[in-house]
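>>> I need the structure of the sequence given here:
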Amino acid sequence: MRYILIIFISIAIFACGSKDSLDNFTNPKPNVLFITIDDLRPQLGCYGDTVIQAPNIDRLASRGLVFQKAYCQYALCGPSRSSFLTGLRPETTKVYDLHRTLRDYDPALVTLPQLFKNNGYQTHGLFKVFHVVGFDPALFGNKDDAESWSDGAQWIPSRSAWGPQGDSIYQSSKRACLAKGEIGYGNIPRSYALEAPEIPDSLLSDGEMALEAIRRLRSYGNQPFFLATGFYHPHLPFVAPKKYWDLYDSTDIVLPQNQYLPKDAPPYVALNTNELRSYPDIPDQGEFSDSLKRKLLHGYMASISYVDVQVGLILDELERLGLHQNTIVVLLGDHGYQIGEHNHWCKKHCNFEMATRVPLIIAYPGQKSGGQATESLVELLDLYPTLAELAGLQPPDYLEGQSLVPILEDPNSEIHQAAVSSYRMGGRHGTSFRTQDIRFTSWEKQGEETNYELYDHQIDPDENVNRAGWLEYQDMRRALETYSP
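The predicted model follows:
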C-alpha cells in the first residue's frame, strides 16, 4: 500500500514564471548551447562512477543541476531525438524507427530550435542533432529538419567516426557492395568496432565538430543563438585516439555481474547482438569471451573520455568569449546503453533501466540549484517547455512534457509521478513506467495475452527478478496498469 500511496500522492507543482527565471540573465534573450551525446549512459563521475575520466562534463555538473533520474522516451536514436526536439511522445508522432520523420506526422509543427529561430535567434545544428550521421548521407538514413535551422541544414563533418584502418575497411566494403548493387541502410558496410589510432582529435568527426562549434561561437557577436552540437561517440564503433585508451587498463575493468536475463522475464526480451556483430572484428556467433568484453568496455570508456575533451573545448571557448554569462547549457544522452547487463550489448529493443536512463545536466547563470543533484523523475521531452520558459518564449500549446523550472528552482520539487518510456518490437508495444521505486512494463500484441515486467528498485536496482506475478505486488501492478501520463 505504501507504493500505491507514492504513485498517487498529489504533487504540488511550484509556480515559477518566466520573468523570475529571466532575472538570472544579462539580457532578455539568453543563448542556448544544447549538447547531445549519442549512446551516453550515466557512466560519469557526477553520477558516482569512480573510474571514468570525464572532467569537463563533471565541471559543467559542478555549476549546474544533475538529474539523477532522467529518462528517454524511446531507446533508439531517431525516435528519441524526434521526441525531445518536438516535446511529443513517440506514440503521438508515430516516429518509432529511423525511417519516418516528425514532418510525416505534422508538416506544420514547431520544433524546439525552430521556436528559437522564430523568435529572432540564430539556430544551428552541428552533426548528430536530429538523426543525421553524416559521412555518407545517402546510406545512413539522415533525417534532418530544414525548418529548424537558420541556414536550412545541419552541418556535417568531412571526417568519419572511425579510424584509418576502419575507414579503409568501410570504403573497400562499400565499393564491393556497390558493384553488386547490394547497398542500403540495412546492409551498410562497417568499419572495425575497436580502434585506437595515433591521430589528432580533429581527424575524427567529433573533434572536427568541436572546432566547428568554436568557429560558430566566435561568429555570433551580439546575436542570440541556439547552437546544438551532436556528438556521435561513444556510439559504435568504439574509436578514439590512442591517448584516451591509455587512460584505462583493460585488465582492471570490471564487467557487469548480471550477465543473464531477469528471472521470469518474458522470453522475447532476450535480444540478439546484431548491431555489434555487424563489425568485421566481432565474432558472427557464439558467446563473447571475457577478454573481448573488457576490450569493448575499454573502447566505450575511451570514447567517452574523447568526447569529454571535445565538450571541454567548447565550454572553454564559451567562457573565453564571455558568453557563459548569458547562456543556458544543456547536456544529455539520447538514450541508455547496455554493456553486458542482462547479456545485452548496445542500445534499444527493451525498456530496462539501462536502456532508458540517461545523463541530463542543465546549467545557467545565477542558478539556485547550481552544483546540486535531484532525484526527481524527469523525461527528455520536458526539455522543450523548460528552455522555452527559461528564455521567456511562448511554446506551442500541444507539448506533452512539463517544464523543469520548478525543479531547477528547488531540486526537491516533483513534477511527475512516473517517467514513461516505450519500445516496439516483434509486433509488440512495450510501455514502461518508472516511479521512484518501481519499473513496470506491459507488452501488448494484438491477439496475444499481455505480458508484464515489474522490478522493485528498492531491493533489486539491477532489475534481475521480475516480480509482476508475485502476490504481494498485485495491487501495485493493477494501479500501474491503469496509469496514464
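>>> Next, give phi and psi for the residue at minimal distance from the centre of the chain.
Nearest to the mean C-alpha position of the chain, counting by C-alpha atoms, centre = their mean, stands residue 334 at 1.3 Å. Dihedral angles of residue 334 (phi, psi; degrees, to the nearest 10) stand at phi -80, psi -20.
>>> which residues sit in contact with the nearest residue to it once chain neighbours are set aside?
If the residues on either side of it in the chain are set aside, residue 334 comes closest to residue 80, at 4.7 Å by C-beta to C-beta, 6 or more residues apart in numbering. Where you see a C-beta, it was placed from the backbone N, CA and C, and this is true even at glycine. Residue 80 is in contact with 72, 73, 74, 334, 335, 380, counting by C-beta atoms under 8 Å, 6 or more residues apart in numbering.
>>> From residue 463, how far off is residue 263?
For residue 263, the distance to residue 463 under the criterion C-beta to C-beta, to the nearest Å works out to 10 Å.
>>> and what of residue 442?
15 Å.
>>> was I right about the residue nearest to the centre of the chain contacting residue 72?
Yes - if you go by C-beta atoms under 8 Å, residue 334 and residue 72 touch, sitting 6.5 Å apart.
>>> Next, show the common contact partners of these two.
Common neighbours of residue 334 and residue 72 (C-beta under 8 Å, 6+ apart) are 80, 84, 358, 380.
>>> Check the model's average confidence along whichever strand or helix holds the first one for me.
With secondary structure defined by DSSP states H and E, residue 80 is part of helix 77-86. Mean pLDDT, computed over helix 77-86, is 96.
>>> next structured bit after it?
Secondary structure here is assigned by DSSP H and E; on that basis, the next helix or strand after helix 77-86 toward the C-terminus is helix 90-93.
>>> Toward the C-terminus from that next one, list the very next helix or strand.
If you walk from helix 90-93 toward the C-terminus, the next helix or strand you reach (DSSP H and E) is helix 102-105.
>>> helices or strands next to that following helix in the packing?
Where contact means 3 or more C-beta pairs under 8 Å, 6 or more residues apart in numbering; DSSP states H and E, helix 102-105 is packed against helix 77-86, helix 90-93.
>>> What is the least confident helix or strand in the protein?
Scoring the helices and strands of the chain by mean pLDDT, DSSP states H and E places helix 2-8 at the bottom, with a mean of 40.
>>> just to revisit the earlier point, just want to know which of residue 263 and residue 463 has more residues nearby.
Neighbours of residue 263 and residue 463, each counted by other C-beta atoms under 10 Å, are more numerous for residue 463; the result is 22 against 10.
>>> which intervals of the stretch 251-400 of the chain have sub-threshold pLDDT?
The stretch 251-400 of the chain contains residues with pLDDT under 70 at 348.
>>> how much space between the nearest residue to residue 416 once chain neighbours are set aside and residue 284?
With C-beta to C-beta, 6+ apart as the criterion, residue 416 has its nearest non-adjacent residue at 4.5 Å, and that residue is residue 377. Look at residue 377 and residue 284: by C-beta to C-beta, they are 40 Å apart.
>>> In terms of neighbours, single out the busier of the two.
Looking at residue 377 and residue 284 with other C-beta under 10 Å, you find the greater number of neighbours at residue 377, namely 23 against 7.
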